[in-house]
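Chemist: Turn this into a model:
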Amino acid sequence: MTEFRVLPGLPSFGPPAQPFPRAFQQLGSEGLVVEVRPAAAGAWVGNFRHGLSNFSGVYHHPDGHHLLFVAGGQGYVVDPTTHALESEIGAAIIGISELSNPPSLLLDHQGIVFERIGARGRIWRTRRLSWDGFRDVRIEAEAITGLGWHAPTDTWQPFEVDLRTGRTCKGVYVGPDLTEGEEVVASDDSAA
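Modeler: Down below sits the predicted model:
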């Protein structure tokens, strides 16, 4: 299995860190710096450009091969053996939970949307559930429950997400669910 460790900064000697995305190299900046040690290849260092939040981490992808690097909210799915950037996810991820049945990662996008990533990619993505943030979130065997901020009434109101399908019940945001060009995978248009 691939091993990794977050470094305190760019290495001062050895091969230069590989930038993600590739254009990040032109900026000469330091992002999330990670040493990667694949089981079947040589070690390398990646430098990942930060997104729009303070959340960073590295996770084994549910497919058992790739890694998911999250640098300041921006997600990068990378093949640790070839160093190939397979895809980018989000820009303001603020939390990730590891789930089972099936093995997957639950991403919290900006405290307004949840997305579940499985071995073959996105399993589902909810519609927008809150105007600004979640509170009292609980992940149970069948559902995610919590409170979402309802700005017009200045209150926290409940939502529920079916963990298997991503279908939502309640939720307080009544505006558009996703930005233009994004796909609604498994959502429900019901609102509080």
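Chemist: Mind telling me what element the spatially most central residue of the chain is part of?
Modeler: By C-alpha atoms, centre = their mean, the chain has its centre lying nearest to L107, at 4.3 Å. Taking DSSP states H and E as the criterion, L107 maps to strand 104-109.
Chemist: Helix or strand next in line after that strand, which one?
Modeler: Following strand 104-109 toward the C-terminus (DSSP H and E): strand 113-118.
Chemist: What angle do strand 104-109 and that following strand make with each other?
Modeler: 160 degrees (axes from the mean of the first three to the mean of the last three C-alpha atoms, to 10 degrees).
Chemist: Keeping just the C-alphas, turn the strand holding L107 into CSV.
Modeler: C-alpha atoms of strand 104-109 as CSV (Å, rounded to 0.1, in the frame of the first residue of the first chain):
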residue,chain,number,x,y,z
SER,A,104,-16.2,5.7,0.3
LEU,A,105,-15.3,9.2,1.3
LEU,A,106,-17.9,11.8,2.4
LEU,A,107,-16.9,15.3,1.4
ASP,A,108,-18.4,18.4,3.1
HIS,A,109,-18.2,21.2,0.5
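Chemist: what sits opposite the residue lying closest to V172 once chain neighbours are set aside in the beta ladder?
Modeler: Setting aside the residues directly before and after it, V172 is nearest to H150 in space (C-beta to C-beta, 6 or more residues apart in numbering), at 3.8 Å. All C-beta spots, glycine's among them, are computed from the backbone N, C-alpha and C. In this structure, H150 bridges to T155 when assessed by DSSP bridges.
Chemist: burial count for H150?
Modeler: The tally of other residues near H150 (other C-beta atoms under 10 Å) stands at 18.
Chemist: per-residue pLDDT, it?
Modeler: H150 is assigned 92 on the pLDDT scale.
Chemist: For the helix or strand bottoming out on mean pLDDT in the chain, output the C-alpha coordinates as PDB.
Modeler: Among the helices and strands of the chain, helix 24-27 carries the lowest confidence by mean pLDDT, DSSP states H and E, at a mean of 80. C-alpha atoms of helix 24-27 as PDB (Å, rounded to 0.1, in the frame of the first residue of the first chain):
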ATOM      1  CA  PHE A  24       1.200  25.800 -10.200                       C
ATOM      2  CA  GLN A  25       4.900  25.500 -11.000                       C
ATOM      3  CA  GLN A  26       4.900  28.800 -12.800                       C
ATOM      4  CA  LEU A  27       3.800  30.600  -9.600                       C
END
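Chemist: Now do whichever helix or strand comes after that helix: everything it contacts.
Modeler: From helix 24-27 onward toward the C-terminus, using DSSP H and E, the following helix or strand is strand 32-37. Strand 32-37 is contacted from outside by 2-11, 17, 43-48, 50, 56, 58, 67, 69-72, 80, using C-beta atoms under 8 Å, 6 or more residues apart in numbering.
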